[in-house]
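Enquirer: just the structure for this:
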Amino acid sequence: MDHETVELAGKQAHGYVIPLGPVNLVLVVTDKGMVGCGAFDVMALNSFGYPAARVRPSEGSSISNIEDLLEGIVKEANPAAEKRGVKIGMSGREALSLI
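Expert: Below you'll find the predicted structure:
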(Lines give C-alpha, C1' and ligand atoms only; values in the text may rest on other atoms or scores of the structure.)
Protein backbone atom coordinates (compact mmCIF):
# COMPACT_ATOMS: atom_id res chain seq x y z
CA MET A 1 0.00 0.00 0.00
CA ASP A 2 1.23 3.47 -0.89
CA HIS A 3 0.33 6.55 1.14
CA GLU A 4 0.84 10.20 0.26
CA THR A 5 -0.24 13.52 1.68
CA VAL A 6 -2.53 15.45 -0.67
CA GLU A 7 -2.54 19.24 -0.48
CA LEU A 8 -5.99 20.76 -0.90
CA ALA A 9 -7.19 24.34 -0.55
CA GLY A 10 -6.79 25.06 3.14
CA LYS A 11 -6.23 21.49 4.30
CA GLN A 12 -4.37 18.24 3.82
CA ALA A 13 -5.80 14.83 3.04
CA HIS A 14 -4.41 11.30 2.94
CA GLY A 15 -4.18 9.41 -0.34
CA TYR A 16 -3.90 5.64 -0.54
CA VAL A 17 -3.19 3.25 -3.40
CA ILE A 18 -3.76 -0.41 -2.60
CA PRO A 19 -2.67 -2.90 -5.29
CA LEU A 20 -5.27 -5.64 -5.88
CA GLY A 21 -3.80 -7.91 -8.53
CA PRO A 22 -4.27 -6.24 -11.92
CA VAL A 23 -5.97 -3.10 -10.51
CA ASN A 24 -5.44 -0.54 -7.77
CA LEU A 25 -7.91 0.54 -5.11
CA VAL A 26 -7.42 4.34 -4.92
CA LEU A 27 -8.90 6.77 -2.39
CA VAL A 28 -8.27 10.11 -0.71
CA VAL A 29 -9.60 10.70 2.80
CA THR A 30 -10.18 14.13 4.36
CA ASP A 31 -11.20 14.98 7.91
CA LYS A 32 -14.88 14.79 6.84
CA GLY A 33 -15.19 12.19 4.06
CA MET A 34 -13.59 10.55 1.05
CA VAL A 35 -13.39 10.30 -2.73
CA GLY A 36 -12.53 6.97 -4.26
CA CYS A 37 -12.31 5.02 -7.48
CA GLY A 38 -15.24 3.11 -8.93
CA ALA A 39 -14.73 0.13 -6.60
CA PHE A 40 -16.30 1.96 -3.65
CA ASP A 41 -19.96 1.68 -2.65
CA VAL A 42 -20.56 5.28 -1.61
CA MET A 43 -24.25 4.66 -0.89
CA ALA A 44 -23.33 2.07 1.75
CA LEU A 45 -21.13 4.70 3.43
CA ASN A 46 -24.10 7.06 3.49
CA SER A 47 -25.85 4.78 5.98
CA PHE A 48 -23.17 5.97 8.43
CA GLY A 49 -23.63 9.62 7.45
CA TYR A 50 -20.16 9.55 5.86
CA PRO A 51 -19.74 11.88 2.84
CA ALA A 52 -18.30 9.94 -0.08
CA ALA A 53 -18.06 10.19 -3.85
CA ARG A 54 -16.58 8.03 -6.54
CA VAL A 55 -14.94 9.16 -9.73
CA ARG A 56 -14.40 7.87 -13.23
CA PRO A 57 -11.16 8.58 -15.07
CA SER A 58 -10.96 11.78 -17.12
CA GLU A 59 -8.73 9.83 -19.53
CA GLY A 60 -8.02 6.14 -19.97
CA SER A 61 -9.89 3.16 -18.66
CA SER A 62 -9.25 3.21 -14.91
CA ILE A 63 -8.07 5.20 -11.90
CA SER A 64 -4.61 3.86 -11.08
CA ASN A 65 -3.03 6.55 -8.90
CA ILE A 66 -3.79 9.62 -6.78
CA GLU A 67 -3.36 12.06 -9.67
CA ASP A 68 -5.91 10.09 -11.74
CA LEU A 69 -8.34 10.37 -8.82
CA LEU A 70 -7.84 14.12 -8.40
CA GLU A 71 -8.32 14.72 -12.12
CA GLY A 72 -11.19 12.22 -12.38
CA ILE A 73 -14.84 13.18 -12.78
CA VAL A 74 -17.38 12.56 -10.00
CA LYS A 75 -19.87 9.99 -11.29
CA GLU A 76 -21.70 9.32 -8.01
CA ALA A 77 -22.00 11.17 -4.72
CA ASN A 78 -23.99 10.01 -1.73
CA PRO A 79 -26.54 12.32 -0.05
CA ALA A 80 -24.10 13.17 2.76
CA ALA A 81 -21.58 14.41 0.14
CA GLU A 82 -24.27 16.25 -1.82
CA LYS A 83 -25.20 18.13 1.37
CA ARG A 84 -21.61 19.42 1.41
CA GLY A 85 -21.93 20.65 -2.20
CA VAL A 86 -20.45 17.72 -4.15
CA LYS A 87 -22.01 17.42 -7.61
CA ILE A 88 -21.74 14.92 -10.42
CA GLY A 89 -19.37 16.20 -13.10
CA MET A 90 -16.95 18.07 -10.83
CA SER A 91 -13.36 16.92 -10.49
CA GLY A 92 -12.16 14.68 -7.69
CA ARG A 93 -10.06 17.57 -6.36
CA GLU A 94 -13.08 19.90 -6.30
CA ALA A 95 -15.14 17.29 -4.44
CA LEU A 96 -12.38 16.74 -1.90
CA SER A 97 -12.16 20.46 -1.18
CA LEU A 98 -15.84 20.31 -0.10
CA ILE A 99 -15.59 17.23 2.11
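Enquirer: could you use CA atoms for every contact and neighbour count after this?
Expert: Noted.
Enquirer: could you pull out the helices for the protein?
Expert: 42-46, 66-71, 79-82, 92-98 (DSSP state H).
Enquirer: could those helices go into TSV alongside mean neighbour count and distance to His14?
Expert: Output for the helices of the chain, formatted as TSV (neighbours: other Cα atoms under 10 Å; distance: least, Cα to Cα, whole Å):
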stretch	mean neighbour count	distance to His14
helix 42-46	17	18
helix 66-71	21	10
helix 79-82	22	18
helix 92-98	23	11
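Enquirer: which residues are in contact with stretch 48-66?
Expert: 15-17, 23-28, 32-38, 40, 42, 45-46, 68-69, 71-82, 84, 86, 91-92, 95, 99 (Cα atoms under 8 Å, 6 or more residues apart in numbering).
Enquirer: residues in contact with Ala77?
Expert: Ala77 makes contacts with 42-43, 51-54, 86-88, as judged by Cα under 8 Å, 6+ apart.
Enquirer: so what's the residue count around the nearest residue to Asp68 once chain neighbours are set aside?
Expert: Leaving aside its sequence neighbours, Asp68 sits nearest to Pro57 (Cα to Cα, 6 or more residues apart in numbering; 6.4 Å). Pro57 has 21 neighbours, counted by other Cα atoms under 10 Å.
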